[in-house]
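> Next one to model:
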Amino acid sequence: MIVLDPRSPVPPFEQLRLQLAEQVRDGTLPMGQRLPTVRRLAEDLGIAPNTVARAYRELEADGFVETRGRNGTVVQAQGEVAAQQAQEAAQAYAERIARLGVSQADALRFVTGALGA
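Got it, this is the predicted structure:
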């Protein structure tokens, strides 16, 4: 079940993306589950199809779903993709921190602060 808050400062596509991603993570949407079509979900939620399409594109870029053309959009196995992307992000961060000459202690403090935000 998706609930969008029109008063939220978070854009509708992001509210939708966050809720679908959480449903994939917690197993509410299991691997292989087909998502509603863009038009159908847009109609059900009372939002523009482009809003749903953007959420689906971002979910696909993050490895949560896969679009299979006429066969629709389906949930991907999440564990491996998320872990791989997190590892790549951590490696990029570590390389950037090294180039900036930031200490490991400060780098960890920055990450801890960002995760808590």
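
> residue ranges with poor pLDDT in this structure?
Across the chain, the ranges flagged by pLDDT under 70 are 78-83.

> In it, where's the longest helix?
The residue-count maximum for a helix in the chain (DSSP state H) belongs to helix 78-100.

> Run the angle between whichever helix or strand comes after that one and helix 78-100 for me.
Once the chain leaves helix 78-100, the next helix or strand it forms, by DSSP states H and E, is helix 104-116. Put simply, helix 104-116 runs at 140 degrees to helix 78-100, going by axes from the mean of the first three to the mean of the last three CA atoms, to 10 degrees.

> List the buried residues of helix 104-116.
Ala107 (16 or more other CB atoms under 10 Å). C-beta coordinates here come from the backbone N, C-alpha and C atoms, glycine included.

> Contacts for that helix, please.
Helix 104-116 has contacts (CB atoms under 8 Å, 6 or more residues apart in numbering) with Tyr93, Ala94, Ile97, Val102.
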